[in-house]
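Trainee: here are the coordinates; sequence isn't available:
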């Protein structure tokens, strides 16, 4: 995420002014102006759910909220002192963040394997990347068979040109291999294939 102060240059401001001058807006009618003004001036009074003081807000804002507060400090105090844990925005079913993450990993093993492989490639400075959907499509293209031995076993990603030899992480450089064949291939570039991919 970019940091620091963003300063618009003179050239940028000139191009913005040029673009704005081309926008044609029809003037608002007096009736429309009156409606907008009335909507902005209309306020709903309410009691703050934390301190009990009377405050007011626009009808559209009031209807969207379940609870109403006179200030952000009252909202922060209410969350800290009164709001039940199950109603907190960060509620994760009464378990710690670590436990919630552990459960998520257990439910999504394929997603975790993909994230680990992506990090591995990034750490080695490999160019390109691929999505989990592309990997699933590649396995389907090979009928969920190992590209070398042709057996139906749990498949792993293998870089045809290994990352250590300057290979990319694009899906075109990846083939599905069983663990045994993947280990045997290691960082070799040429290896006989028994099962060609189906189109």
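Mentor: Now that the structure is in, tell me what you want to look at. Treat the numbers as computed from the prediction; the structure is a model and nothing was measured.
Trainee: for stretch 113-122, the distance to its chain's centre please.
Mentor: Offset of stretch 113-122 from its chain centre (C-alpha atoms, centre = their mean, to the nearest Å): 16 Å.
Trainee: what does it contact?
Mentor: For stretch 113-122, contacts defined as C-beta atoms under 8 Å, 6 or more residues apart in numbering pick out 129, 132, 135, 157, 163, 169. (Glycine included, C-beta is placed from N, CA and C.)
Trainee: Check which residues of that stretch are buried.
Mentor: Neighbour-count burial for stretch 113-122 flags 114, 117, 118, 121 (criterion: 16 or more other C-beta atoms under 10 Å).
Trainee: returning to what we had before: buried only: go through the contacts of stretch 113-122 for me.
Mentor: Neighbour counting over the contacts of stretch 113-122 (16+ other C-beta under 10 Å) leaves 135, 157, 163, 169 as the buried ones.
Trainee: Helices along this structure, start to end?
Mentor: Under the criterion DSSP state H, helices of the chain are mapped to 10-22, 30-41, 59-64, 72-81, 97-107, 109-123, 132-141, 179-185.
Trainee: separation between residue 96 and residue 21?
Mentor: 57 Å (C-beta to C-beta, to the nearest Å).
Trainee: what residues go with each domain of this protein?
Mentor: 44-85, 113-185 (automatic domain parsing).
Trainee: Tell me how far the last one lies from the chain's centre.
Mentor: Right, the one you point to is domain 113-185. For domain 113-185, the distance to the chain centre is 23 Å (C-alpha atoms, centre = their mean).
Trainee: Now the terminal residues of it, how far apart.
Mentor: With C-alpha to C-alpha, to the nearest Å applied, domain 113-185 spans 20 Å between its terminal residues.
Trainee: burial of residue 126, as a residue count?
Mentor: Neighbour count of residue 126, defined by other C-beta atoms under 10 Å: 20.
Trainee: Give the closest residue to it in space, chain neighbours not counted.
Mentor: Leaving aside its chain neighbours, residue 126 sits nearest to residue 169 (4.4 Å; criterion: C-beta to C-beta, 6 or more residues apart in numbering).
Trainee: And the residue lying closest to residue 92 once chain neighbours are set aside, how far from residue 79?
Mentor: Spatial nearest neighbour of residue 92, chain neighbours left out: residue 100 (4.2 Å); criterion: C-beta to C-beta, 6+ apart. Distance, residue 100 to residue 79, by C-beta to C-beta: 19 Å.
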